[in-house]
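*Asks:* Below are the sequence and a predicted model; questions follow.
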Amino acid sequence: MRLPIILFAASLAMTACSGGSTSTLTPNAPQAATFAIVTGAQDQNQALQGLNFYPASLSINVGDSVSWTFPTGEPHTVAIVPAGQSVPPPNDPNVAKPSGSTTTDGTAYSSSGFQLLGGKYALTFTKAGSYTYHCLIHPGMIGTIVVRAVGTPYPQTQGQLDAAAAVGESADLASASASLATFPYPVDGTHLAVGISPAASGGAPAATSTVLRFLSSPSLSNQTLTVPLGTTLTWTNLSNNEPHTVSIGANGQPFPAINPPGAPTGNTTFDGSAFSNSGILFPGQSYSLTFIKAGRYTIHCVFHDDTENMISTVVVV
Ligand SMILES: [Cu+2]
């Protein structure tokens, strides 16, 4: 349960004199408030991700602050992009970096940079207006803050915001879970999904949820696939909102740190002797690999293995 944090500092008049200092509460001075927004949601060992701000719209007053929390393994940003500037694309290296100050009037670029797993970011809004903010990693993930004059009655309490957030989180995680049922290939066949999301194949707008798993069936619990020697497996990114990779380490060697995932590495066949990497698979893209040596191989998505457990196993017999 998040509680509103009332900042009394703005309403304290500090009076200094040679004999010491006293503090008096100025009568009728409006108190600046801080409201909390949750960035992203997750469930099922981080497989299901909600890609939204919970809630996505909020009305506050000049001088108030908004505090965003980042509870998920999937990173996000909160970024205010001034009018006339274009929103930087996800592959812009500056997207990862924090920028700006702790206050905004909407005229300068301000960003939390990448935040995840307990990260926090706060901004104080110093000018009335309507502010749009972006997750720079997930292009459809947009929130709005409407800043009104000091003293305007609030349309919501933090408790009401929390209730709306919980409803939104549940709805997005349910839609991610429901997207599993759209898995279109034969169960435990040779065509797999690398990620899936709602409305993946319909050309629909980017969904506000996604599933970060390799799938050989419409189930999250089925993460080991056994195939005969010589099998060619094909993975297709069935999400419309996340890039993934299909990356396999060499036998007996640590999984290499590859940042960025960059160009494909390896051959169209895999025998366990060398690292193999699809490179970035954007939504709709596919990758195939023929397994020519028996063994137990661990498949990673290099974007989502560390913090979201997007790892599966192929056993070749
Ligand atoms: Cu991934």
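*Replies:* Alright, I've got the coordinates.
*Asks:* Which secondary structure state does the residue nearest to residue 208 when sequence neighbours are not counted sit in?
*Replies:* In space, and not counting its chain neighbours, residue 208 is closest to residue 52: 4.5 Å by C-beta to C-beta, 6 or more residues apart in numbering. Backbone N, C-alpha and C define where each C-beta goes, glycine included. Under the three-state scheme (DSSP: H, G, I helix; E, B strand; the rest coil), residue 52 adopts strand.
*Asks:* what helices or strands is the host helix or strand of residue 178 leaning on?
*Replies:* Using DSSP states H and E, residue 178 sits in helix 158-179. Contacts defined by 3 or more C-beta pairs under 8 Å, 6 or more residues apart in numbering; DSSP states H and E place helix 158-179 against strand 32-43, strand 48-54, strand 209-215.
*Asks:* With respect to the ion, which of the ones you listed lies nearest?
*Replies:* Nearest of those to the ion, taken as C-beta to the ion: strand 209-215 at 5.3 Å.
*Asks:* one step back: can you redo the helices and strands packed on helix 158-179 as a markdown table with mean neighbour count, distance to residue 123 and mean pLDDT?
*Replies:* Converted to a markdown table, the helices and strands packed on helix 158-179 look like this (neighbours: other C-beta atoms under 10 Å; distance: least, C-beta to C-beta, whole Å; pLDDT from 0 to 100):
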| stretch | mean neighbour count | distance to residue 123 | mean pLDDT |
| --- | --- | --- | --- |
| strand 32-43 | 22 | 10 | 97 |
| strand 48-54 | 26 | 13 | 97 |
| strand 209-215 | 27 | 26 | 97 |
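*Asks:* number of nearby residues for the closest residue to the ion within the stretch 151-300 of the chain?
*Replies:* The nearest approach of the stretch 151-300 of the chain to the ion comes at residue 244, 3.4 Å away (C-beta to the ion). Using other C-beta atoms under 10 Å, residue 244 is surrounded by 30 other residues.
*Asks:* Which helix or which strand is home to the nearest residue to residue 299 once chain neighbours are set aside?
*Replies:* Closest residue in space to residue 299, ignoring its immediate chain neighbours: residue 312 at 4.9 Å, by C-beta to C-beta, 6+ apart. Using DSSP H and E, residue 312 sits in strand 311-316.
*Asks:* who does that strand pair up with?
*Replies:* Strand 311-316 has its sheet partners listed here by DSSP bridges as strand 224-227 (parallel), strand 295-300 (antiparallel).
*Asks:* just checking, which of those strands sits deepest inside the structure?
*Replies:* Stretch with highest mean neighbour count among these: strand 295-300 (a mean of 18; mean count of other C-beta atoms under 10 Å).
*Asks:* residue contacts, the residue nearest to residue 208?
*Replies:* 40-41, 141, 168, 172, 208-209 (C-beta atoms under 8 Å, 6 or more residues apart in numbering).
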